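Asker: Give me coordinates for this.
(2 chains)
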Protein chains: 2
Amino acid sequence: MIKTIAFDADDTLWHNERIFISTKEKYTALLAEFADRDFIEQHLDATETENIRQFGYGIKGFTLSMIETACELTEGRITGAKIRQIIEFAKQMLAAPIDVLEGVRETIGELSKNYRLILITKGDLIDQETKLARSGLGDYFDAFEIVPRKDAKTYKYVLRRHRIAPEEFLMVGNSLKSDILPVLEIGARAVFIPYETEWFHERVTDEELAGKQFGRLASMRELTDWLTVENQS
Amino acid sequence: MIKTIAFDADDTLWHNERIFISTKEKYTALLAEFADRDFIEQHLDATETENIRQFGYGIKGFTLSMIETACELTEGRITGAKIRQIIEFAKQMLAAPIDVLEGVRETIGELSKNYRLILITKGDLIDQETKLARSGLGDYFDAFEIVPRKDAKTYKYVLRRHRIAPEEFLMVGNSLKSDILPVLEIGARAVFIPYETEWFHERVTDEELAGKQFGRLASMRELTDWLTVENQS
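Answerer: I've put the predicted structure just below:
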């Protein structure tokens, strides 16, 4: 019997990747005189991958990677005015309105009547906290966990901290790597709701998924029905 | 009777401000052809203050403020190579060895035998987590709380979460504003151990301190004796 439902935040409750994608578009346009779009994007992805261990996830680290890439691929010819623009992109991203995904507000509101809801997310503490506040969903959640990574050890720690038994816990998210596999590993249940795009850091192989049992829904709207069936079985 | 002792991290357990100060020196040297040191520092402090609401505390936000300041005070004449250097400063800061303050390791080791120790710190989650790991102090702590701000509400939340009564709680830190005043406000005790420098965001007025009771020690070494006296009274 599921009693606690945890949700990932970015691209599960609200659009996030979209802001990065539209910022990348502005960024490649800004550097158009130096290189073509594909080349810039590849270079940026490589820099991000290289930096993620030190910079972590989030807008500030992404922005530093954009600036580093701009300096490198222009061989230092980037102007201060353009660098200033990239910092402006960061500020716009940080201030962007939170666009809650379709069906989320109603579903979360409904589920909060019968389940304890918690939010488990990676990312920058201040970013995520203000996003939850701006989303208007904050009141539905009993707890808010920002974690440095989403592995089995972290989920175990969160469950222990909240005194939740794995068999009474469900995780809902858009990342197989972060929201589904480690949760199954600790004996809890998981529902995968893919987002419109997939983040290149989060890909998993078919072998990793072989034999794994978890829900797969097209939209958050289907979660209430899934729970009814799951709790009867 | 104090049962749980919480510690601030930066400049309470290990040197932190020093790294920012030495980075600022490298930064003003890097920009020496454009302006003098005082002017650059004032400009940087103003940018940081302006940005802190959006960027929060930590190395990445500080670095974005350094870059923004460099673009502005050079009126865009800063070179890509110099910007690249500033990003290099960030990476060096993030990788810098953790320099534990004098007396901390012995005191924490000793106190961990008789008290539950927790760490309560602002800042970036990944930064702080890796600093705790690199400090070698991690094993002494029962819990690790990264909070977006240190106000009375946050301390109340942390105490509730760990089921700690305020009268059994002591906070130890180097900031009157973040570690002492809000803790006294919730009816718990606090010990102030000033660091060699004071951070300009953290200043409090004499009026705010009037009538407030808290310990004030010159070094972490004195904490064990202070606790003996405090627990007898």
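Asker: Secondary structure of A:Glu25: a helix, I assume?
Answerer: Yes. Counting by DSSP: H, G, I helix; E, B strand; the rest coil, A:Glu25 is part of a helix.
Asker: neighbours around it, how many?
Answerer: 12 (other Cβ atoms under 10 Å in any protein chain shown). Quick note: C-beta positions are derived from backbone N, CA and C, even for glycine.
Asker: Check what pLDDT it gets.
Answerer: Here the pLDDT value assigned to A:Glu25 is 97.
Asker: Roughly how far does it sit from chain B?
Answerer: Between A:Glu25 and chain B the distance is 21 Å, computed by Cβ to the nearest Cβ, to the nearest Å.
Asker: Name the residues of the helix or strand harbouring A:Ser22 that are buried.
Answerer: In this assignment (DSSP states H and E), A:Ser22 forms part of helix A:17-30. Judged by neighbour count (16 or more other Cβ atoms under 10 Å in any protein chain shown), helix A:17-30 contains these buried residues: A:19-20, A:23-24, A:27-28, A:30.
Asker: all helices for chain A, in order.
Answerer: Using DSSP state H, the helices assigned to chain A run over residues A:17-30, A:37-55, A:59-73, A:80-95, A:104-111, A:125-135, A:152-161, A:181-185, A:206-209, A:223-232.
Asker: Out of the ones you listed, which is the most enclosed?
Answerer: helix A:59-73 (a mean of 24; mean count of other Cβ atoms under 10 Å in any protein chain shown).
Asker: Counting by contacts, list what that helix packs against.
Answerer: helix A:17-30, helix A:37-55, helix A:80-95, helix B:59-73, helix B:80-95 (3 or more Cβ pairs under 8 Å, 6 or more residues apart in numbering or on different chains; DSSP states H and E).
Asker: what about those, which gets the closest to B:Lys150?
Answerer: Across the helices and strands packed on helix A:59-73, B:Lys150 has its closest neighbour in helix B:59-73 (16.9 Å, Cβ to Cβ).
Asker: and the angle from the closest one to helix A:59-73?
Answerer: With axes from the mean of the first three to the mean of the last three Cα atoms, to 10 degrees applied, the angle from helix B:59-73 to helix A:59-73 works out at 50 degrees.
Asker: Mind putting the helices of chain A into JSON lines with distance to B:Val172?
Answerer: Shown next, in JSON lines, are those (distance: least, Cβ to Cβ, whole Å):
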{"stretch": "helix A:17-30", "distance to B:Val172": "40"}
{"stretch": "helix A:37-55", "distance to B:Val172": "29"}
{"stretch": "helix A:59-73", "distance to B:Val172": "29"}
{"stretch": "helix A:80-95", "distance to B:Val172": "33"}
{"stretch": "helix A:104-111", "distance to B:Val172": "39"}
{"stretch": "helix A:125-135", "distance to B:Val172": "22"}
{"stretch": "helix A:152-161", "distance to B:Val172": "23"}
{"stretch": "helix A:181-185", "distance to B:Val172": "35"}
{"stretch": "helix A:206-209", "distance to B:Val172": "44"}
{"stretch": "helix A:223-232", "distance to B:Val172": "45"}
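Asker: Show me which of the buried residues of helix A:17-30 is closest to chain B.
Answerer: Nearest to chain B among these: A:Leu30, at 13.5 Å, using Cβ to the nearest Cβ.
Asker: I'd like to know how far the residue lying closest to A:Pro97 once chain neighbours are set aside sits from A:Lys177.
Answerer: Nearest residue to A:Pro97, sequence neighbours excluded (Cβ to Cβ, 6 or more residues apart in numbering or on different chains): A:Arg134, at 6.9 Å. Distance from A:Arg134 to A:Lys177, counting by Cβ to Cβ, to the nearest Å: 27 Å.
Asker: again, but for A:Gly109
Answerer: Taking Cβ to Cβ, one finds A:Gly109 at 29 Å from A:Lys177.
Asker: Then A:Pro194?
Answerer: On the measure of Cβ to Cβ, A:Pro194 and A:Lys177 end up 12 Å apart.
Asker: and what of A:Lys26?
Answerer: On the measure of Cβ to Cβ, A:Lys26 and A:Lys177 end up 28 Å apart.
Asker: what does A:His43 give?
Answerer: A:His43 is 24 Å from A:Lys177, by Cβ to Cβ.
Asker: just checking, what packs against the helix or strand of chain A with the lowest mean pLDDT?
Answerer: Of all helical and strand segments in chain A, the minimum by mean pLDDT, DSSP states H and E falls on helix A:125-135, at a mean of 84. The contact analysis (3+ Cβ pairs under 8 Å, 6+ apart) places helix A:125-135 against strand A:143-146.
Asker: Not counting its own residues, what contacts the strand it packs on?
Answerer: The contact list for strand A:143-146 (Cβ atoms under 8 Å, 6 or more residues apart in numbering or on different chains) reads A:6, A:118-123, A:125, A:128-129, A:132, A:138, A:158, A:162, B:125, B:146.
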